[in-house]
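Enquirer: sequence? don't have it. structure:
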């Protein structure tokens with residue numbers, strides 16, 4: 001089994017990555033492979049709503065001028081998915097929104113490629129707006145027919161400066177339990 005985590009932060013080694021790695025740590029303890037994809041330094045353009053994916057049905061977006069297709073392929077090949085984003089003006093980063101829009105269309109156009117995939121959201125936040133980010137990612141996961149594991153609290157970690165999220169004991173414990181629950185669920189489904 002394998003889980004791909006998307007770090008939608010433009011900061012490669014910021015708080016979002018720390019939170020995803022905490023979930024990964026629990027997955028790895030259970031023998032589940034992990035791969036982190038950092039959006040920092042990558043180009044993900046927005047969806048043009050051309051709907052060529054519905055005509056071509058080749059599990060890819062017709063736009064090959066950016067990194068989307070390579071990342072999308074890794075997510076559909078994986079058994080599990082984590083989408084992580086910092087909170088930008090009470091929403092996901094532009095790159096995560098672009099990924100969600102395109103992945104949603106291409107997945108639906110090809111018979112719902114995320115259907116029954118175990119997937120979850122992870123949110124880094126300084127103070128407020130995390131609920132909207134969590135909601136945006138979860139709305140995508142639910143319409144994509146994913147199975148969404150939970151934790152004992154919403155999947156947020158609080159911290160402004162790089163590394164501060166590690167000091168949020170409840171946030172880090174939330175990620176640990178999320179990893180435990182994701183591992184448990186994947187083992188029930190895929191074994």
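Expert: That came through fine. Source: prediction; values computed, not measured.

Enquirer: do you have the helices of this protein handy? List them.
Expert: For the chain, the helices defined by DSSP state H cover 15-29, 52-56, 68-77, 94-109, 130-143, 169-190.

Enquirer: now the ones you listed as a markdown table including distance to residue 88, mean neighbour count and mean pLDDT?
Expert: C-beta coordinates here come from the backbone N, C-alpha and C atoms, glycine included. Formatted as a markdown table, the helices of the chain follow (distance: least, Cβ to Cβ, whole Å; neighbours: other Cβ atoms under 10 Å; pLDDT from 0 to 100):
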| stretch | distance to residue 88 | mean neighbour count | mean pLDDT |
| --- | --- | --- | --- |
| helix 15-29 | 11 | 23 | 98 |
| helix 52-56 | 27 | 15 | 98 |
| helix 68-77 | 19 | 17 | 98 |
| helix 94-109 | 8 | 22 | 98 |
| helix 130-143 | 8 | 19 | 98 |
| helix 169-190 | 18 | 18 | 97 |
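
Enquirer: let me have those helices in CSV, adding distance to residue 119 as columns.
Expert: Converted to CSV, these look like this (distance: least, Cβ to Cβ, whole Å):
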stretch, distance to residue 119
helix 15-29, 12
helix 52-56, 20
helix 68-77, 9
helix 94-109, 11
helix 130-143, 5
helix 169-190, 9
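
Enquirer: can you say which of those is nearest to residue 116?
Expert: Checking the helices of the chain against residue 116 by Cβ to Cβ gives helix 169-190 as the closest, at 7.5 Å.

Enquirer: and the spatially closest residue to residue 122 that is not a sequence neighbour, what pLDDT?
Expert: The shortest distance from residue 122 to any non-neighbouring residue, by Cβ to Cβ, 6 or more residues apart in numbering, is to residue 84 (4.0 Å). On the pLDDT scale, residue 84 is placed at 98.

Enquirer: touching, residue 84 and residue 120? I think so.
Expert: No: at 9.3 Å, residue 84 and residue 120 do not qualify as touching, with contact defined as Cβ atoms under 8 Å.

Enquirer: rewinding a little: select, out of the helices of the chain, the one closest to residue 41.
Expert: Among those, the nearest to residue 41 by Cβ to Cβ is helix 94-109 (10.7 Å).
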